[in-house]
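[1] Output the structure for:
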Amino acid sequence: MKKTVLTTFSVVAIMAITMVSCGGASTPKASLKNSVDSVSYAYGVSMADQGLVQFLEQSGVLVNASNIEYEYQMKIAAADSTQKEALQKELAAKVDSVNKINAPKLNDFVKGMIEGMNQKEKSAYANGLSIGIQFSQQMLPQFNSMLFGTDSTKKVNNDQILAGLISVLKNQELAIAKVDANALIQSEVEKAQAAETARQEESAKAQYQNDIAAGDAFMAENAKKEGVVTLPSGLQYEIVRAGTGAVPTDTDRVKVHYHGTLIDGTVFDSSVDRGEPATFGVTQVIAGWTEALKLMPVGSKWRLYIPYNLAYGSADRGTIKPFSNLIFDVELLGIEK
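    Just a heads-up that it's a prediction; the model follows:
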């Protein structure tokens, strides 16, 4: 019921604005002299009803009058005969107010639509207008976001974008060669992404500073224990059982049993508990694992103490919260060929 009322009155509103507010001989008005006129008019109403009004509202061309119309239709339906006329006048006044607000932008829209419909073939101007709108509404906001993130004070230089584009179209000498242009864009986007990642990580570190401090204290105290080796990367390990087999390389696949916990003892993953070893590439795991595996002879069992920067960093992986240091018991069963 609501949809029917809304769409009917939206059509009435937009047609009223089109026919009354725009004015001028160039604006068509309803004149149904034959069946072709009638079906043509019906098609226009249908197009407006099936999404055009909503599109124009979302695009900022029209102020939405649908809620007002629906509200008053509900009031009018429930009112007695003495109230109906007053409510109808109130509705007309509110719709007229919306029409006046909508008129300037709607005039421009109607003018553009008439010009577009009257073109026998698509002109260069129409192509340029269409692409310019696409640039303005989609491509430039996306490019700005890629370069500057959420910083709305910074924007690309539209004049220089046009200068570069026109130089190519006119076959002029380029201030930046095409291949260099692509490389420059990629480089700047990568720098922007790295900066945004660093900014997000610093923000996350502030949120988890107590957890980071606890992890750092654990690693510092653990390093003092007999048998614990601390590598330059910050990775710590102790040998539970020494192996005598081959040592894996980056290109190898290994078969292992493992048991992973947080520093408070919480188990988050364990092939031992599942009763089934795991097989994977040496470089397909977290950095702390890769570093340790390339030092372990087959047959070894080591306990690894992995700082967060060699584990999952600022990522939230459920049980493994951001900046979590991890402990793994790893048994290297073999190298898969």
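[2] Please count neighbours and contacts with C-alpha atoms only from this point.
    Fine.
[3] show me the residues around residue 245 that make contact.
    By Cα atoms under 8 Å, 6 or more residues apart in numbering, residue 245 lies in contact with 297-299.
[4] okay, now the domains of this structure?
    2-118, 142-202, 211-336 (automatic domain parsing).
[5] Kindly reformat the ones you listed as a markdown table and extend each row with mean pLDDT.
    What follows is the domains of the chain, written out as a markdown table (pLDDT from 0 to 100):
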| stretch | mean pLDDT |
| --- | --- |
| domain 2-118 | 74 |
| domain 142-202 | 89 |
| domain 211-336 | 96 |
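[6] Nearest to residue 129, out of those domains?
    Of all those, domain 2-118 sits nearest to residue 129, with 10.6 Å by Cα to Cα.
[7] sorry, back to before: by neighbours, which of the contacts of residue 245 wins?
    residue 298 (22 neighbours; other Cα atoms under 10 Å).
[8] residues in contact with that residue?
    Residue 298 neighbours (Cα under 8 Å, 6+ apart): 243-248, 332-335.
[9] Buried by neighbour count, from those: which ones?
    Neighbour-count burial (16 or more other Cα atoms under 10 Å) is assigned, among the contacts of residue 298, to 243, 247-248, 332-335.
[10] The residue lying farthest from the centre of the chain and residue 142, how far apart?
    In the chain, the greatest distance from the average C-alpha position (Cα atoms, centre = their mean) is reached by residue 82, at 53.7 Å. Counting by Cα to Cα, to the nearest Å, the gap from residue 82 to residue 142 is 56 Å.
[11] go on, residue 244?
    55 Å.
[12] Could you pull out the buried residues of stretch 40-55?
    Neighbour count says stretch 40-55 has 45, 48-49, 52-54 buried, by 16+ other Cα under 10 Å.
[13] show me where this protein has strands.
    Using DSSP state E, the strands of the chain run over 229-230, 236-241, 253-262, 267-270, 278-281, 301-306, 326-336.
[14] what's the closest of the contacts of residue 245 to residue 290?
    residue 297 (13.3 Å).
[15] If you drop the residues flanking it in sequence, what lies closest to that closest one?
    residue 247 (4.5 Å; Cα to Cα, 6 or more residues apart in numbering).
[16] Would you check that the one you found makes contact with residue 300?
    No. Taking contacts as Cα atoms under 8 Å, residue 247 lies outside contact range of residue 300: 9.9 Å.
[17] State the number of residues packed around residue 188.
    Residue 188: 13 neighbours (other Cα under 10 Å).
[18] Residue 170 too?
    So residue 170, with other Cα under 10 Å, has 8 neighbours.
[19] which residues are in contact with stretch 146-166?
    By Cα under 8 Å, 6+ apart, stretch 146-166 touches 140, 143-144, 174, 188-189, 192-193, 196.
[20] Show me what counts as buried in that stretch.
    146-148, 164.
[21] if we can go back for a sec, return the most buried member of the strands of the chain.
    strand 301-306 (a mean of 24; mean count of other Cα atoms under 10 Å).
[22] So which elements touch that one?
    In terms of contacts (3 or more Cα pairs under 8 Å, 6 or more residues apart in numbering; DSSP states H and E), strand 301-306 is packed against strand 236-241, strand 326-336.
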